[in-house]
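[1] okay, predicted coordinates and the sequence, questions at the end:
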Amino acid sequence: MPKLHSSLGPNPRLVRMFLVEKGIGEDRVERVHYDIIIGENRQDAEYLKKNPLGTIPTFELDDGTCLTESWPICEFIEEMHPEPNLFGETPQERAEVRKWVRLFDQEVVVPMTMGFRATGGRPMFEPRMAVLSEAAGAEIAAMSDEKWRWFDEALGSSNHFALGRFTFADLIVFCFANFGFTVGWKLPEGTENLARFVDTHNHRESAAIWQQAE
Ligand SMILES: N[C@@H](CCC(=O)N[C@@H](CS)C(=O)NCC(=O)O)C(=O)O
């Protein structure tokens, strides 16, 4: 059985939500938990062999191959289990979904997480990696909020970023909004479309992961 090396946080939860969306139950993927608050993921020599960066998640296949990085892990799962389809059915559809994922990953995920590590998450992250100054952290968090506003406008009255149906693009946006909520962040003012989007997708079975303790 494959293993998902997992923890608190949006990246492993993205993969866990994806598995639920695919109908792949916990009986088909073993979950191995790490306490990232105390940095267990960066101290366990066995884990560092699987993922030299020490980040979570890692998806370990039956033959011992270890896949890292949440988005490519989800694409791998999609290729192994094409239905229900979450990345698009045709090359054009996949390009559209990946466009939104790439934009969100670069324009929101990177500045949002860098901002968090330099401000609220500083006590946890400063000892384990280079972090921005508090002032730069606040600036980059504000830049990410600006991009959340851009995504709000792009969403408009739809609840889907791509293809007019639920895709991985929606899943990643939903996950990082929820990550924000768990660390005291709020949707920036004037993002009512995103608020509606979050409320809508909160009803998905996979969203229950955000209510669970690890
Ligand atoms: N780009 C990676 C990011 C992985 C990442 O930063 N994971 C977080 C949990 S959401 C983590 O490992 N944090 C603890 C640490 O960095 O020590 C991915 O897509 O999986």
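    Done, it's in. Numbers count the residues shown, from 1 in each chain.

[2] where does the chain get nearest to the ligand, residue-wise?
    When you check the chain against the ligand by CB to the nearest ligand atom, the closest residue turns out to be G9, at 2.5 Å. For the C-beta atoms, the positions are set from N, CA and C on the backbone; glycine is no exception.

[3] and the helix or strand hosting A138, what does it pack against?
    Using DSSP states H and E, A138 sits in helix 134-155. Packed against helix 134-155, as judged by 3 or more CB pairs under 8 Å, 6 or more residues apart in numbering; DSSP states H and E, are the following elements: helix 110-118, helix 192-201.

[4] what lies in contact with that helix?
    The list of residues contacting helix 134-155 from outside it, by CB atoms under 8 Å, 6 or more residues apart in numbering, reads 104, 107-108, 111-112, 114-119, 122, 131-132, 161, 173, 187-188, 190-194, 197.

[5] what angle do the helix or strand following that helix and helix 134-155 make?
    Next helix or strand after helix 134-155 toward the C-terminus (DSSP H and E): helix 168-182. Regarding helix 168-182 and helix 134-155, their directions subtend 140 degrees when assessed with axes from the mean of the first three to the mean of the last three CA atoms, to 10 degrees.

[6] can you pull the contacts of the closest residue to E40 other than its chain neighbours?
    With sequence-adjacent residues excluded and distances taken as CB to CB, 6 or more residues apart in numbering, E40 is closest to Y34, at 4.7 Å. Shown in contact with Y34 (CB under 8 Å, 6+ apart): H5, S6, S7, E40, N41, D44, Y47, I56.

[7] residues of the chain that sit close to the ligand?
    Counting by CB under 6 Å from any ligand atom, the chain comes close to the ligand at 7, 9-12, 36, 39, 41-42, 54-57, 69-71, 128.

[8] show me which of the residues you listed are buried.
    Buried members of the residues of the chain next to the ligand, scored by 16 or more other CB atoms under 10 Å, are 7, 9-12, 36, 41-42, 54-57, 69-71.

[9] care to break the protein down by domain?
    3-80, 91-205 (automatic domain parsing).

[10] closest to Q212 out of those?
    Q212 sits nearest to domain 3-80 of all the domains of the chain, at 9.3 Å, using CB to CB.

[11] find the nearest non-adjacent residue to L48, please.
    The spatial neighbour of L48 that comes closest, neighbours along the chain excluded (CB to CB, 6+ apart), is G54 at 5.7 Å.
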